[in-house]
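J.: Kindly generate the corresponding structure for this input.
(4 chains)
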There are 2 protein chains.
Amino acid sequence: MHHGVVASRSADSSSSRHGNSSSSIDAVSLAIIEQLQEDGRRPYAAIGKAVGLSEAAVRQRVQKLLDQGVMQIVAVTDPLTVGFRRQAMVGINVEGDLDPVAEALTAMAECEYVVMTAGSFDLMVEVVCEDDDHLLEVINKRIRALPGVRSTESFVYLKLKKQTYMWGTR
Amino acid sequence: MHHGVVASRSADSSSSRHGNSSSSIDAVSLAIIEQLQEDGRRPYAAIGKAVGLSEAAVRQRVQKLLDQGVMQIVAVTDPLTVGFRRQAMVGINVEGDLDPVAEALTAMAECEYVVMTAGSFDLMVEVVCEDDDHLLEVINKRIRALPGVRSTESFVYLKLKKQTYMWGTR
DNA sequence: CCCCATAGCTGCGAAATCCGTGACTATTGA
DNA sequence: TCAATAGTCACGGATTTCGCAGCTATGGGG
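T.: Numbers count the residues shown, from 1 in each chain, chains lettered A, B, ... in the order given. You can find the predicted model right below:
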């Protein structure tokens, strides 16, 4: 069973030789994804009616999309409501190889989101914490203590204005 | 998809008062959320068995969590796989009131994530685009053209290393 | 203290959904 | 031409979902 991280494209090594994994999803699968982006529990039959496919066909395509890691169906929550009151985006500058630092950040439970970037930061990390003390500890004691980390800059969240999951739905 | 907050609450962006919204979530609901974070389509009966509740009770609590906007069950995808090849985090500095700028960004389909921050940026926005031209157009023609935007700084994504939806699961 | 209202849980069918399977149709490549 | 593969459909039986009625606590009024 795979756990909740998308990203690992690696799953099927043979698919990488096509160079483009997007080739594996057609317009119909995209339509199925859109349906499930509106409601992750929508019945297969209803999806089938919407996209013009039988219930079984939808079910098999969904299973394949899940297996391939193209999509996952999960509950997402509002951190504030679930007891995480402090969030921040942290920009990081690294000396030398980025990978070990990125790996270390990935291993931290508080780091919800880790991305390598071009620009004045090498890495950007979204940190989710319970309170100020927790946030301080993570940034100051754990992230900045990682070997290779040259400097960090923090952007504490004041208000989340938008957040969607509607790609492909445009 | 990414950062997980709910947010769909965009409808009433004025709901800044959270009193203590966490008071409505007890340990059992948290356990239910954890179950659905592992698999958004897990049957109510299976969840009930895991958290020690009847199927009907789980169903009612899930429905309530959805209605309250505490949680949503959705499909999340890897943007690269679905045809969006360029993503960037954009830090923005604003002159005067942040709200109108934030609202305008929220209205843009390409802005997946909009947050007000403390620090050297006033706003941070995640932009999801199909290609370089599209990205350039959004940042240079649309975002920077907004009245009140003083300056922007872009961080183009090179590689997404981690992305989870496991709050409360720690 | 009693009574009522509300909220939450349970159990139980009936209806709907899920899921495995086998058959059918293209498409591909030897 | 003939497999072999991938994708789809159709059809039960098992499972799940759904609506409803009943039950239990909790919390005010009166």
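J.: Quick one: low-confidence residue ranges for chain A.
T.: A:1-24, A:166-170 (pLDDT under 70).
J.: Helices of that one, start to end?
T.: In chain A, the helices defined using DSSP state H lie at A:27-38, A:44-51, A:55-68, A:99-107, A:132-136.
J.: Only the buried residues of the fourth one, if you could.
T.: Just to be clear, that refers to helix A:99-107. For helix A:99-107, the buried set under the neighbour-count rule, 16 or more other Cβ atoms under 10 Å in any protein chain shown, comprises A:Val101, A:Ala102, A:Ala104, A:Leu105, A:Thr106. C-beta: built from backbone N, CA, C; applies to glycine.
J.: next one: the longest one
T.: For helix A:55-68, a neighbour-count test (16+ other Cβ under 10 Å) marks A:Ala57, A:Val58, A:Arg59, A:Arg61, A:Val62, A:Leu65, A:Leu66, A:Gln68 as buried.
J.: Leaving out chain neighbours, which residue sits closest to the spatially most distant residue from the centre of chain A?
T.: Within chain A, A:Ser54 marks the point farthest from the mean C-alpha position, 30.4 Å out by Cα atoms, centre = their mean. Of all residues beyond its chain neighbours, the one nearest A:Ser54 is A:Gly48 (5.6 Å), with distances taken as Cβ to Cβ, 6 or more residues apart in numbering or on different chains.
J.: thinking the one you found is in contact with A:Arg61, fair?
T.: No: contact criterion Cβ atoms under 8 Å: A:Gly48 and A:Arg61 do not qualify, at 9.9 Å.
J.: so the longest strand along chain A versus helix A:99-107, what angle?
T.: Criterion DSSP state E: the longest strand present in chain A is strand A:149-163. Put simply, strand A:149-163 runs at 40 degrees to helix A:99-107, going by axes from the mean of the first three to the mean of the last three Cα atoms, to 10 degrees.
J.: chain center to strand A:149-163, what's the gap?
T.: What separates the centre of strand A:149-163 from the centre of its chain is 17 Å, taken as Cα atoms, centre = their mean, to the nearest Å.
J.: ditto for stretch A:100-116
T.: Between the centre of stretch A:100-116 and the centre of its host chain there is 12 Å, according to Cα atoms, centre = their mean.
J.: mind checking the end-to-end distance for it?
T.: 12 Å (Cα to Cα, to the nearest Å).
J.: A:Met116 is in contact with A:Ala102, correct?
T.: Yes: contact criterion Cβ under 8 Å: A:Ala102 and A:Met116 qualify, at 6.3 Å.
J.: What parts of chain A come near DNA strand C?
T.: Where chain A comes near DNA strand C, counting by Cβ under 7 Å from any atom of the strand, the residues are A:Pro43, A:Tyr44, A:Ala45, A:Ala46, A:Glu55, A:Ala56, A:Arg59.
J.: ok, the last one to DNA strand D distance?
T.: The reference is to A:Arg59. Taken as Cβ to the nearest atom of the strand, to the nearest Å, the spacing of A:Arg59 relative to DNA strand D amounts to 8 Å.
J.: Residues of chain A that sit close to DNA strand D?
T.: Counting by Cβ under 7 Å from any atom of the strand, the residues of chain A lying close to DNA strand D are A:Val28, A:Gly48, A:Leu53, A:Ser54, A:Glu55, A:Ala56, A:Ala57, A:Gln60, A:Arg61, A:Lys64.
J.: Quick check: beta-bridge partners of A:Val114?
T.: Listed by DSSP bridges, the beta-bridge partners for A:Val114 are A:Val125, B:Lys162.
J.: okay, now it: neighbour count?
T.: Neighbours of A:Val114 under the rule other Cβ atoms under 10 Å in any protein chain shown: 27.
J.: got any residues that touch both of A:Ala102 and A:Met116?
T.: With contacts defined as Cβ atoms under 8 Å, 6 or more residues apart in numbering or on different chains, the residues shared by A:Ala102 and A:Met116 are A:Leu123, B:Lys161.
J.: sorry, back to before: counting by contacts, list what the longest strand of chain A packs against.
T.: Taking 3 or more Cβ pairs under 8 Å, 6 or more residues apart in numbering or on different chains; DSSP states H and E as contact, the helices and strands that strand A:149-163 lies on are strand A:86-94, helix B:99-107, strand B:111-118.
J.: what's the last one in contact with?
T.: For strand B:111-118, the external contacting residues (Cβ under 8 Å, 6+ apart) are A:88-89, A:155-164, A:167, B:1-3, B:98, B:102, B:105-106, B:122-128.
J.: buried subset of those?
T.: If you count burial by 16+ other Cβ under 10 Å, the buried members of those come out as A:88-89, A:155-158, A:160-164, A:167, B:1-3, B:98, B:102, B:105-106, B:122-128.
J.: returning to that earlier point: is it true that the residue farthest from the centre of chain A touches A:Ile47?
T.: No: in this structure, A:Ser54 is not within contact of A:Ile47 by Cβ under 8 Å, at 10.4 Å.
J.: can you tell me how far A:Gly96 sits from A:Phe155?
T.: As defined by Cβ to Cβ, to the nearest Å, A:Gly96 lies at a distance of 25 Å from A:Phe155.
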